[in-house]
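Visitor: Fold the following and give me the result.
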Amino acid sequence: MVKEFEDCFVNLLRLEVAWFTYNSKNPLGWLESVLVSEYSSLAELDFSNSDLTSTKLRGLLDALHKRNAYSPITVINFTGNRKLNDDIAEDLCTCIAKKLPSLKTLYLDHTNIGDGTCKAIFHLFQNCSFFNDRKSFSHLFDPNLMKEGTTRLKKISMEGTKITKAGVDILNEVFSQGLVHRRDAIKFYVHKFTNTQSSPANTISDDNTLDKTFYDKRIVFY
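Guide: Predicted coordinates for the structure are as follows:
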């Protein structure tokens with residue numbers, strides 16, 4: 001049966017597993033087989049509102065790690081999976097760095113991720129080279145950044161999560177520390193907080209009475 005699934009999905013570009021309840025002992029075994037396949041051409045994975053847990057997701061990440069080649073996946077949607085939390089963040093970011101260099105969009109909206117995920121994202125950009133649209137690395141001056149992998153991420157959406165202002169401050173460090181080039185189009189989307197305002201990089205409020213924190217314009221509050 002697994003072989004039949006694999007043969008069916010070899011040429012599939014987009015797979016939606018949304019609104020699906022997993023009942024069997026290994027309900028995603030067939031998908032793990034597809035992800036391991038060197039012939040898989042999957043470009044989009046939609047797990048929105050699918051009751052996905054950290055344990056089940058870890059099984060899929062393990063399958064990706066078994067691939068000899070990089071995965072061509074460009075979009076992953078985990079929206080609405082409230083059982084996903086910070087426990088899976090480091091594993092997810094490690095997989096992105098090592099096996100998902102083509103991933104451009106990651107949706108984590110309305111999950112239970114928090115500031116721990118922001119730390120994992122920061123470490124991802126800290127330890128990877130960012131591959132931009134001009135097909136050149138932003139940080140060739142620092143070969144140490146090549147050690148963990150490469151990422152093309154352009155958008156990470158995290159609205160409606162447990163991320164606090166402290167987490168957004170961590171995300172802002174990606175830009176303030178120059179981990180991506182100022183011209184690179186990567187953006188983080190998070191829910192609005194009181195007394196926050198987007199602004200150009202390195203802008204600081206001189207009016208302390210306003211008690212506002214200014215963030216890089218590539219952090220989008222909505």
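Visitor: make it CA atoms for all contacts and neighbour counts henceforth
Guide: OK.
Visitor: Doesn't residue 98 belong to a helix?
Guide: Yes. Judged by DSSP: H, G, I helix; E, B strand; the rest coil, residue 98 forms part of a helix.
Visitor: residues touching it, list them.
Guide: By Cα atoms under 8 Å, 6 or more residues apart in numbering, the residues touching residue 98 are 65, 70, 148, 149, 150.
Visitor: Got phi/psi on the first one?
Guide: The one in question is residue 65. Note on residue 65: its backbone torsions stand at phi -70, psi -20 [degrees, to the nearest 10].
Visitor: Check which residues of stretch 185-195 are buried.
Guide: Within stretch 185-195, the residues that count as buried by 16 or more other Cα atoms under 10 Å are 186, 187, 188, 189, 190, 191.
Visitor: if I read this right, residue 193 contacts residue 166, doesn't it?
Guide: No. Under the criterion of Cα atoms under 8 Å, residue 193 makes no contact with residue 166, lying 11.0 Å away.
Visitor: list residues touching both of the two?
Guide: Counting by Cα under 8 Å, 6+ apart, nothing touches both residue 193 and residue 166.
Visitor: How many residues are close by residue 214?
Guide: 19 (other Cα atoms under 10 Å).
Visitor: my bad, residue 159
Guide: For residue 159, using other Cα under 10 Å, the count is 20.
Visitor: Repeat that for residue 45.
Guide: Counted with other Cα under 10 Å, residue 45 comes out at 19.
Visitor: A helix includes it, no?
Guide: No. Counting by three-state DSSP, residue 45 is not found in a helix; it is strand.
Visitor: which one of the buried residues of stretch 185-195 is nearest residue 218?
Guide: residue 187 (4.8 Å; Cα to Cα).
Visitor: how far away is that closest one from residue 69?
Guide: In this view, residue 187 and residue 69 are 27 Å apart by Cα to Cα, to the nearest Å.
Visitor: now swap in residue 213 and tell me
Guide: In terms of Cα to Cα, residue 213 sits 43 Å off from residue 69.
Visitor: Comparing these two, which shows the higher neighbour count?
Guide: residue 213 (17 against 14).
Visitor: pLDDT score for the more buried one?
Guide: Here, the pLDDT recorded for residue 213 equals 77.
Visitor: Quick check: the gap between it and residue 119.
Guide: For residue 213, the distance to residue 119 - Cα to Cα - is 19 Å.
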